[in-house]
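*Asks:* the amino acid sequence is not available; the structure is as follows:
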């Protein structure tokens, strides 16, 4: 079953990569690098490129859900890092960008760190087990805190959060979506035959709110940075959140994890996170956007200065 889950996760990464690239380019073209607004989101619903991306993301999500029902979170989630490589290649060709050395090293760090984490996690995770109601409620309560925190940040600061801020928020929220997807799947497959009646209302509400706010953060991140940066954040932060919950709440690890394995998993996670941070600072698209922002700021300052001089005459 784990082999089938890994295959589904790999296929999911391909669909998610192409879906993210299509949506990212559509959002960037529509916003022109400015803040995404609700009216623009409604316009994107009529954009064929964005809709194609949505369809590909839907297929990728369905494959990921299948993988999550067949294997532990700690095995399935980090495999999505492969989407980063695919997205980077596709986006660089689409935008005519040439990857600099730091970007390549950052991508390698993300992929190697995540792959190493997966290989270590396979050996220290226990078989599928039933999720208890208390564990399910605990996950939803932690999610509620995360939703309030990131929702407040978005309401107070808007675009000033920056691409990395939107990416972190989206990664955390979609990490909870992945966990709750697994929990809901377990509820539906409960042998008591009650199916949807096994799923508590607060779990359904939680996954809907997290998915909605997470989607808004993703689209906002597309307007602030390249799609491969968005994928990099999601494929690292999302799994780390899912794995942390899998370990801390669902107790997916075996009781006696060797100290060497635990340290190695921590190092692997750190390598992947450093890769994301470096990518958010040195990606060619990010550098180009930063230069354009400075140029617009200088032009605005120069125009203000001219207007003041005219007013004083």
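*Replies:* Good, I have the coordinates. Note that this is a predicted model, so its numbers are computed, not measured. Numbering: from 1, shown residues only.
*Asks:* buried sites along stretch 261-274?
*Replies:* 265, 268, 269, 271, 272, 273 (16 or more other CB atoms under 10 Å). All C-beta spots, glycine's among them, are computed from the backbone N, C-alpha and C.
*Asks:* and that stretch, how far out from the chain middle?
*Replies:* 18 Å (CA atoms, centre = their mean, to the nearest Å).
*Asks:* what's in contact with it?
*Replies:* By CB atoms under 8 Å, 6 or more residues apart in numbering, the list of residues contacting stretch 261-274 from outside reads 81, 109-110, 112-114, 116-117, 120-121, 123-124, 236-237, 240.
*Asks:* again, only this time at 10 Å
*Replies:* 74, 78, 81, 84, 106, 108-121, 123-124, 232-233, 235-237, 239-240, 243-244, 247, 253-254, 257-258 (CB atoms under 10 Å, 6 or more residues apart in numbering).
*Asks:* pLDDT (mean, whole number) over that stretch?
*Replies:* For stretch 261-274, mean pLDDT rounds to 86.
*Asks:* what's the answer for stretch 124-141, then?
*Replies:* Here the average pLDDT along stretch 124-141 is 81.
*Asks:* ditto for stretch 7-19
*Replies:* 86.
*Asks:* any idea how far it is from the chain center?
*Replies:* 13 Å.
*Asks:* check stretch 15-25 too.
*Replies:* Its chain's C-alpha centre lies 12 Å from the corresponding centre of stretch 15-25 when counted by CA atoms, centre = their mean.
*Asks:* likewise stretch 160-175?
*Replies:* Taking CA atoms, centre = their mean, one finds the center of stretch 160-175 at 8 Å from the center of the full chain.
*Asks:* following the host helix or strand of residue 144, which helix or strand comes up?
*Replies:* Following DSSP states H and E, the helix or strand that holds residue 144 is helix 133-157. Secondary structure here is assigned by DSSP H and E; on that basis, the next helix or strand after helix 133-157 toward the C-terminus is helix 162-188.
*Asks:* that next one - contacts with which helices or strands?
*Replies:* Packed against helix 162-188 by the contact rule (3 or more CB pairs under 10 Å, 6 or more residues apart in numbering; DSSP states H and E) you find helix 48-70, helix 73-76, helix 133-157, helix 201-224, helix 227-248, helix 259-282, helix 284-312.
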